[in-house]
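> Got a sequence here, can you model it:
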Amino acid sequence: MLRDDIARVAVKYLENEDLQIFMSQIDVILSNYNISKSKNEITKYDGSQDDEIIKMFFVSKKIAGFSDRSINFYSGTIKQFRRMIVKPLGMVTTSDIRLFLGRKQIYDNCSPGYLNDMRRILSSFFKWLTAENYIVKNPMLAVENIKEPKMIKKPFSEIEIERLRESCSDSREQAIIETLLSTGCRAAELVGINIENIDFINKEINVVGKGNKERIVYLNAKAVFELNKYIKEYQIEYGPVFISKVQRRRLAITGLQQIIKKLGKRAKVADCHAHRFRRTMATLALNRGMPIEQVQQLLGHEDISTTTLYAKSDKFSLKEAHRKYVI
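Modelled structure (predicted):
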């Protein structure tokens, strides 16, 4: 009983008369409370809260500024993992994760790049679980990076760019490729542009990139001309710049990719997609002498090591450099 516990401690410090007065006051205080002794029992972890924990993980990512597209990719990976490895999160081992990645490679024929993306997502997830004290040990710590073949992703050649320009079927396609070539925007950034974001006087566009981070990108004269022509022809006065033809709604990323893919087929340019325009802009800027730190800012890269992937010189540039510097 709590009163007896208090009395046993108090008797060591108080004389009998003082003890009686003290305990009478304690009795008055305790009469206002209903107190029960706590049970120091250890609850066995059974994973029953895992679904709620996963929801909290996605809430944390949303607060951190992750896009819905990124969160959906995270969600898909974690769902696949839980379907294959059927056990509570707190009991997942390093071997379980290696088994999952191995099966994805063998049975689903996933590429090393895709496997690495899944590994990074699981690493982020289990690191968060550990930091939030949901699990004791992070099973991802011993899972190695997956070796990816080093392939140089080529930008468009100048000839390919001209073929794409000549193959445009309307002003929308012309505006799309010139804006991509001038700004180096990501696909999501391009379709997210509103009329209000464009400053034609200063030739600037305010775009929202990864993590909801804003940055300024710049338009050259050709991009300004084609954008103005397209906006006038489509009678766009406010809201989304790049819209669908029928419903006149904001163009989705998949819709943009379809437009570029069809354009590539007409122009007979292989591997035609939005990100290749971004790579082309960066490569041309670097080959023409723009400092890599400035290219990093244009592309919105947090880590300059990402920008260096665009700094691979093509054979023509290498040949020209050899002619210029080697006797």
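
> got a list of contacts for stretch 161-176?
156, 177, 181, 190, 223, 226-227, 229-231, 233-234, 242, 245, 256, 259-260, 263-264, 266-269, 272, 280 (C-beta atoms under 8 Å, 6 or more residues apart in numbering). All C-beta atoms are positioned from the backbone trio N, CA, C, and that covers glycine.

> lowest average confidence, helix or strand, in this structure?
helix 315-325 (a mean of 59; mean pLDDT, DSSP states H and E).

> Can you flag which of the contacts of stretch 161-176 belong to helices?
Of the contacts of stretch 161-176, the ones assigned to helices by DSSP state H are 177, 181, 190, 223, 226-227, 229-231, 233, 256, 259-260, 263-264, 266-267, 280.

> Narrow the residues you listed to just the buried residues.
For the ones in helices among the contacts of stretch 161-176, a burial check counting by 16 or more other C-beta atoms under 10 Å picks out 177, 181, 190, 223, 226-227, 230-231, 256, 259-260, 263-264, 267, 280.

> Identify the bridge partners of Asn206.
Ile216 (DSSP bridges).

> Helices of the stretch 101-250 of the chain, residue ranges please.
Using DSSP state H, counting those that start in this stretch, the helices of the stretch 101-250 of the chain run over 112-131, 158-166, 171-183, 187-191, 221-233.

> any chance of the ones you listed in CSV, with distance to Arg82 too?
Shown next, in CSV, are the helices of the stretch 101-250 of the chain (distance: least, C-beta to C-beta, whole Å):
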stretch, distance to Arg82
helix 112-131, 11
helix 158-166, 43
helix 171-183, 38
helix 187-191, 28
helix 221-233, 46
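
> give me every residue that touches the residue nearest to Ser244 when sequence neighbours are not counted.
What sits nearest to Ser244 in space, not counting adjacent residues and going by C-beta to C-beta, 6 or more residues apart in numbering, is Leu251, at 5.8 Å. Shown in contact with Leu251 (C-beta under 8 Å, 6+ apart): Val191, Pro240, Phe242, Ile243, Ser244, Ile259.

> For Arg165, see how far away the fifth one is.
Counting by C-beta to C-beta, to the nearest Å, the gap from Ser244 to Arg165 is 22 Å.

> same thing with the third one?
Using C-beta to C-beta, one gets 18 Å for the distance from Phe242 to Arg165.

> Would you check that Cys110 makes contact with Lys104?
Yes. Assessed by C-beta atoms under 8 Å, Cys110 is found in contact with Lys104 at 4.6 Å.

> quick one: common contacting residues for these two?
Jointly contacting Cys110 and Lys104 under the rule C-beta under 8 Å, 6+ apart are Met118.

> Count residues in the vicinity of Ile204, would you?
You called it Ile, but residue 204 is Glu. If you count neighbours by other C-beta atoms under 10 Å, Glu204 ends up with 15.

> Likewise for the one 3 residues further on?
Residues within reach of Val207, counting by other C-beta under 10 Å, total 21.

> picking up where we left off before, closest to Ile26 out of the buried ones among the ones in helices among the contacts of stretch 161-176?
Proximity of those to Ile26 (C-beta to C-beta) peaks at Leu190, which lies at 72.7 Å.

> how far away is the closest one from Ser123?
When Leu190 is compared with Ser123 (using C-beta to C-beta), they lie 30 Å apart.

> Kindly report the same for Ser157.
For Ser157 relative to Ser123 (C-beta to C-beta), the value is 38 Å.

> more crowded one of these two?
Ser123 (17 against 13).

> Not counting its neighbours along the chain, what's nearest the more buried one?
Using C-beta to C-beta, 6+ apart and skipping the chain neighbours, the partner closest in space to Ser123 is Met140 (4.5 Å).

> tell me, what residue is most central in this protein?
The centroid of the chain falls nearest to Ser70 when counting by C-alpha atoms, centre = their mean (5.0 Å).
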